[in-house]
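In: predicted structure and sequence below. I'll ask about it afterward.
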Amino acid sequence: MPGWRNPDGTEHNGTPDRETFPTKKAANAWLAVNVLPKLARGIGVDPNAGKVLFRDAAAQWLAGRHDLKATTRAAYKEALAPTTEDTATRHKPLAHLRIDNVFGGYPVNGIRRQHISEWIAAMIAAGKKPSTVRNAYFLVRQVLGQAVADGLLDANPAD
């Protein structure tokens with residue numbers, strides 16, 4: 001089986017790792033679905049790429065948004081920020097629903113559509129305004145969309 005190089009230059013020989021997969025057949029099936037189609041399209045494969053924490057991907061996304069007005073940037077920064085004493089006081093009853101408290105510590109490849117749906121349902125049940133729910137969802141969706149564009153994810157679970 002041919003090898004490939006990841007974007008960081010590390011090389012893989014294409015041989016399934018018996019410590020990762022229970023059988024060689026399972027490893028080959030994973031390669032056939034997850035690696036070989038990308039290689040055929042000329043896309044590098046980095047199995048560790050999706051391990052980036054959501055909060056780090058969000059900070060990188062926000063840093064790259066040079067098109068935002070200062071007020072919008074400040075609002076996004078506050079919405080994506082970890083809970084501090086100040087924000088915990090202002091958002092005390094619903095602080096557990098803030099974006100970073102829900103997704104910040106997750107690797108981006110660990111976030112599933114179900115997690116997003118449950119988070120949205122919890123915000124609605126807690127009485128958040130529809131516009132607040134929509135704006136928070138929109139931010140998460142944009143961050144995960146950038147993760148797809150950057151090759152950290154194959155698909156956006158918020159789509």
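Out: On my side now, so go ahead.
In: list the contacts for the spatially most central residue of the chain?
Out: The residue lying closest to the centre of the chain (CA atoms, centre = their mean) is Val108, at 2.7 Å. Listed by CB atoms under 8 Å, 6 or more residues apart in numbering, the contact set of Val108 reads 50, 52-54, 57, 144, 147, 152-153. C-betas here are computed from N, CA, C, even on glycine.
In: buried sites along the one helix or strand Lys77 maps to?
Out: Under the criterion of DSSP states H and E, Lys77 resides in helix 70-80. Across helix 70-80, burial judged by 16 or more other CB atoms under 10 Å covers 76, 79-80.
In: do the same with stretch 29-36
Out: The neighbour-count check on stretch 29-36 (16+ other CB under 10 Å) flags 31, 35-36 as buried.
In: what's the closest of those to His96?
Out: Nearest to His96 among those, counting by CB to CB, is Val35 at 37.9 Å.
In: which phi and psi does the closest one have?
Out: The phi/psi pair for Val35 (degrees, to the nearest 10) reads phi -110, psi -50.
In: pLDDT at it, what is it?
Out: Listed pLDDT for Val35 reads 71.
In: how close does it sit to Ala147?
Out: Counting by CB to CB, to the nearest Å, the gap from Val35 to Ala147 is 19 Å.
In: okay, now Ala26: neighbour count?
Out: By other CB atoms under 10 Å, 13 other residues sit near Ala26.
In: which ones are touching it?
Out: Neighbours of Ala26 in contact, by CB under 8 Å, 6+ apart: none.
In: quick one: secondary structure of it?
Out: Of the three states, Ala26 takes helix according to DSSP: H, G, I helix; E, B strand; the rest coil.
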